[in-house]
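# Okay, here's the prediction I keep looking at, along with the sequence it came from:
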Amino acid sequence: MPPRLRPPSLPSTSNVIPQSFSSSPLLPFLLLSYHIYTQIPTSSSSPSSSRNFSTSKSTYRRVRFEKTEGTRNGFIDWMKKHGGRLNTPSPQNNIPVYMTINPPDLFHEGTFKEVVKERAPGVSRKQALREAVDWNEVKRKTATTPFPTNPTFRVHPVISTEFREQIYLRMKAERSVRRISAELNCELERVAAVIRLKEIENRWIEQNRPLCTEMQKRVHAMMPVTHYTNFPHHESITDLRIHPATNNQLFLSVPESMPFNRKDAGEALGLLPADIRMPHSELIEVERMKQAGVEVQEMIKVEAEREQKEAEETKAKRERREKRLGAGKIVETERFRFRLKPANAAFVGYRYGVPAEDRKRGINKIPTRVV
Amino acid sequence: MSRTKLFALKHPYPRQSWNKQAVYNLYRYRAPNPTSGKKTFYQQKFLAKQETRRFHGEYLTERKWNSMFRHTLRGVIRMNPAKMAEDDGSLVVSGRGTGEDPLPTRMLPEDPIERKKVLFGDKPKAIPFVQMTFAPLERRLDTAVYRALFTSSIRQARMMCLHGKVYVNGVKMPHAGYMLNPGDMFSIDPLLVMAAIGGPERASFKQLSTQAKSDLQQAIEEAQSKTKSATFLKASNKRVLAGNAAAQVDTETFTAAGVKSESTESETEGGETSEGKVEATADGGEAGESTEEPKKKKFHLPSDWRTYLPQHPRWKIYDEWKPKRFMNLFAFIPRYLEVNHHICHAVYLRHPVVRSSGPEVPNPFNSEIMQLAHNWYLRRR
C-alpha cells in the first residue's frame, strides 16, 4: 500500500481575521469575506446549552452548500465591491491585472498578528502593517500568477507585433529559421510559426481584408509582452526534452580508470547524446571556439560554412522527397487528388488495401491529422 | 450526467470561463485540503480527483478522459551550451560517482546548512511534474481555441467547433475533440472572435454585419442586372460597389483597420466612378423588382465579399473593439501556442511541457492536490 499522507498538524491561519482589523486599509487583501470554508465556532466562544465533550481541536471544515451572506450568495455585493477592481480592461505598461485574493506571503516575516504586536512605540497599527508588506513583491507575484492558489503556474510573456515583424524581416533577408531563432532567442517552432502567420497576414492585407489591429493591441496590453530590443531574450532555446527512457534507474558497471561522459551515458540508455538531441546543438561548437580563443572573423566563416552545408542537405532532402512523391501519376478531379502508384496485382487484398472499418461501432471517426 | 447549472452560486465550483459568476466562484474558491481530517488514502485521491475534474474537462465523461490520460509527463531541462562546451559530462560522475567535492572535507564549513550550500549549491529546482496531469486535454481543439483567447470559455469554443467555425490547416474541423498535432494551424473568423471575447455591444455589431451583407447583395444584384455577368463580379464592378451609396454612410469617422492606404485609394475610385454609382442606385428600384420574381437560385455572396465594402460602417467594429468583462483576469497565452490576433490564426507549436520554472498547463490547483489526482488515474488504487 502506498504511504498514507499525514494531515498537517495545524490548518493555515490565512482565514482567521482578528476583529480589530476591520478598519484596516489592507482589508480587501486581508479579509476574505466570500470564502466557501467556514470555521466551526468553538464551544467556548458561544455560550450554548449543549456541552461539547470533544477534546480535539476544532478544524476547518468545508461547508459546501452553505449560503453566503447577501443577495444571491453575496454575488451582488461582490460585484459592487470587488468586481470593478478586478475588471481592468486597459492595464498600464503591460502589467497584467490578474486575480488577487489574500496573497499568502503578504509580509516579509511573520504573520500580521506578530507585526502588530512587535511594532515600535508611536507607530500606528495601520502604518506598521503597511510598512511590513513588501508591496513590490506582492505586485511582482500577482503580475505573473493568474491563479493565486497555484504559485507554480506562472505566465510567460508573448512576443510583440514589432518582434514578429523583425522575425519576418530577417526571413525576407534570407536568413535561416535556425539562425533567426538563435539571434532573437526564440524557439525554433515559434519562429517558423510566426513566419507562417505573418505570410497569411500579408495576404490578407493584399486582399484588402481588414485586420483586427485594435483587438491585438488591447489583448497585448493585458498581458506581459517581450518587446524587441537589439539583443532580445524571449525564452530559452536550448530546452532538452526529458526522454522517458531516462526516468528509470539503470545500473551499469564502468571501469574506474575510464572517463564516463554524456556520450557513454546516451549509449547505455540507447539514446543519442544530449549534445545532439538538444535544439541548437551548433551553439556548443560556437562556445567551444569562443573558449579556444578563435577570432570572430574565423568563427563567422565557420558558421557560414556550416549553414551552407545544412541548407544544401535540406535542399537535397526535399528534392528526394518530391521525386519520391512525384513518381506516380497524379490525377486531379473536383473532389479528389488521385496519386496513382504502380501496384502488384498478384497480391489480392493488398491491392484493395485494408478493409474499411469506419462503419463499425466504437471506431473513432475523428481524424487524427489534417495535412 | 453533467451538471446543467455550471456557474451556480449556491453550489459553486471553479470553471474555465470568463462568466462573471464563474469569476466570483473562482474568487471565493479555496481548494480543500484533501489530507485534512481522518481520510483514507483512497478518499484523499478521490476528493482530489473530484475537485480537479470539475475544472478540467468537466464536459467530458470520465471514460473519455481516462482514455486520454497518459502517465508519462513531458518535461524539459534547460541546457547551457557554454557549460556543455567546457566539459563532456565526465565531471558529474567523477570521484566516487557523484562528482568531486569542490573543497576537501577539512576546508568545508562546520555548519551543516552552510556545508550543504557549498556542496549542493547550484542544484536545479524540482520540476513540478504533477501539474501536467491534465496536459492531454490541452491537445484538444476546443481547449486550444480557448487558450488562444479566441473564445471566452471552453464550452463556447466547443460550440464553435461543432458549428463548423473552426478551421485546422484551412480545413473545416467540426470535431471539438480533434487532437492537435505539433505544427497545426487553427483559425476562426475574426468577426466571431471579436464577438466572443468582445464587450457588450455585440447585438449592434451583428446588425451592422447583416446590414452590410444585405447592402452588398443588393448592390451586386443591381450590377448583375446591368452587366449580366453570371455569378461573380469583374474588377471594374468592384470599384462601383466600393462607392456604393449604402456603403458610404460614415466615410469621415472611420477607415477599415489595417488597410488605410487601400481605403483612401478606394475613396478616389469612388469619386471617379460616382456617375456609375448614381446610375446603379437609380436602376436599383427596377432591378430589385426584377430579381424578386425568379426565385430559382439561392443567392450566394462571393467568398471575398469582405473586400467589396471598404467603407461600410460595419468596419467600425474593428476599430472600436472592447474586451469582455474580466478578460484581463484570464489574459495569458501559454508558451506552446503562437497566436496572431490580427487574423485570428494560431499555431500549436508542440505539446505542453513542464520545466523547473513551472508548468505550461494553466491550473489553479496546488501540487499536493494534483499529486493525489494523478495517483487516482494511475489505475492502481
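It's in.
# For the stretch 101-250 of chain B, just list every one of the strands.
For the stretch 101-250 of chain B, the strands defined by DSSP state E, counting those that start in this stretch occupy B:167-168, B:171-172, B:184-187.
# Against which helices or strands is the longest one packed?
Contacts defined by 3 or more Cβ pairs under 8 Å, 6 or more residues apart in numbering or on different chains; DSSP states H and E place strand B:184-187 against helix A:188-206, helix B:141-147, strand B:167-168, strand B:345-348. C-beta here means a position set from N, CA and C on the backbone, and glycine is covered the same way.
# repeat that for 10 Å
helix A:188-206, helix B:141-147, strand B:167-168, strand B:337-340, strand B:345-348 (3 or more Cβ pairs under 10 Å, 6 or more residues apart in numbering or on different chains; DSSP states H and E).
# Using CSV, lay out the ones you listed together with mean neighbour count, distance to B:Ser67 and mean pLDDT.
Shown next, in CSV, are the helices and strands packed on strand B:184-187 (neighbours: other Cβ atoms under 10 Å in any protein chain shown; distance: least, Cβ to Cβ, whole Å; pLDDT from 0 to 100):
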stretch, mean neighbour count, distance to B:Ser67, mean pLDDT
helix A:188-206, 19, 27, 96
helix B:141-147, 26, 16, 97
strand B:167-168, 19, 21, 96
strand B:337-340, 24, 24, 97
strand B:345-348, 25, 21, 98
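# between the strands of the stretch 101-250 of chain B, which one is nearest to A:Ile159?
Nearest of the strands of the stretch 101-250 of chain B to A:Ile159, taken as Cβ to Cβ: strand B:184-187 at 17.0 Å.
# That closest one: how far from the chain's middle?
Relative to the centre of its chain, strand B:184-187 is centred 10 Å away, using Cα atoms, centre = their mean, to the nearest Å.
# Show me what it pairs with in its sheet, parallel or antiparallel.
strand B:167-168 (antiparallel), strand B:345-348 (antiparallel) (DSSP bridges).
# Could you give me the buried positions within stretch B:158-168?
Of all the residues in stretch B:158-168, those buried under the rule 16 or more other Cβ atoms under 10 Å in any protein chain shown are B:Arg158, B:Met160, B:Cys161, B:Lys165, B:Val166, B:Tyr167, B:Val168.
# Show residues contacting it.
Stretch B:158-168 has contacts (Cβ atoms under 10 Å, 6 or more residues apart in numbering or on different chains) with A:367, A:369-370, B:59, B:140-146, B:150-151, B:153, B:157, B:172-178, B:180-181, B:184-189, B:192-193, B:196, B:345, B:348.
# Buried subset of these as a ChimeraX selection?
The ChimeraX selection below is limited to those of these classed as buried (16+ other Cβ under 10 Å):
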select /A:370 /B:140,141,142,143,144,145,146,150,151,153,157,173,175,176,177,178,180,181,184,185,186,187,188,192,193,196,345,348
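# With adjacent residues omitted, what lies nearest to the residue most central in space within chain B?
For chain B, B:Ala148 is the residue whose C-alpha lies nearest the centre (Cα atoms, centre = their mean; 2.3 Å). Closest residue to B:Ala148 apart from its sequence neighbours, by Cβ to Cβ, 6 or more residues apart in numbering or on different chains: B:Ala346 at 4.1 Å.
# Can you verify my assumption that the one you found contacts A:Ala193?
Yes. Look at B:Ala346 against A:Ala193 with Cβ atoms under 10 Å: they come within range, at 8.5 Å.
# Mutual contacts of these two, please.
With Cβ under 10 Å, 6+ apart, B:Ala346 and A:Ala193 have common neighbours B:Met185, B:Leu337, B:Glu338, B:Val339, B:Asn340.
# Looking at the helices and strands packed on strand B:184-187, spot the one closest to A:Glu114.
The nearest among those, by Cβ to Cβ, is helix B:141-147 at 41.6 Å.
# Would you mind listing where the stretch 1-150 of chain A has pLDDT under the threshold?
A:1-67, A:101-112 (pLDDT under 70).
# Please confirm that B:Val76 is located within a helix.
No. Applying DSSP: H, G, I helix; E, B strand; the rest coil, one finds B:Val76 to be strand, outside a helix.
# Quickly list the domain ranges of the chain.
No chain in the question, so chain A it is. A:20-42+A:55-144, A:158-226, A:240-275 (automatic domain parsing).
# ah, no, chain B please
Split by automatic domain parsing, chain B gives B:20-72+B:129-196+B:327-376, B:202-319.
# Of the ones you listed, which shows the lowest average pLDDT?
The minimum mean pLDDT among the domains of chain B belongs to domain B:202-319 (a mean of 52).
# on that earlier part again, so which of the strands paired with strand B:184-187 gets nearest A:Val254?
It's strand B:345-348; of the strands paired with strand B:184-187, that one is closest to A:Val254 (Cβ to Cβ) at 41.9 Å.
# Now do the helices in chain A.
A:27-30, A:75-78, A:84-86, A:112-117, A:125-132, A:135-144, A:161-172, A:177-184, A:188-206, A:213-221, A:262-269, A:274-277, A:282-291, A:296-325 (DSSP state H).
# Okay, buried residues for the second one please.
Across helix A:75-78, burial judged by 16+ other Cβ under 10 Å covers A:Phe75, A:Asp77, A:Trp78.
# Of those, which are in range of chain B?
A:Phe75, A:Trp78 (Cβ under 10 Å from any Cβ of the partner chain).
# which one of the buried residues of helix A:75-78 is nearest B:Leu329?
Relative to B:Leu329, the closest of the buried residues of helix A:75-78 is A:Trp78; by Cβ to Cβ it sits at 13.8 Å.
# From what I see, A:Ala120 and A:Ala132 are in contact.
No. In this structure, A:Ala120 is not within contact of A:Ala132 by Cβ under 10 Å, at 11.6 Å.
# Compare the two (neighbour count), which wins?
Neighbours per residue (other Cβ atoms under 10 Å in any protein chain shown) separate A:Ala120 from A:Ala132, with A:Ala132 holding more: 20 against 7.
# State the number of residues packed around the closest residue to that one other than its chain neighbours.
Excluding the flanking residues, the one nearest A:Ala132 by Cβ to Cβ, 6+ apart is A:Val115, at 4.4 Å. Counted with other Cβ under 10 Å, the neighbours of A:Val115 add up to 19.
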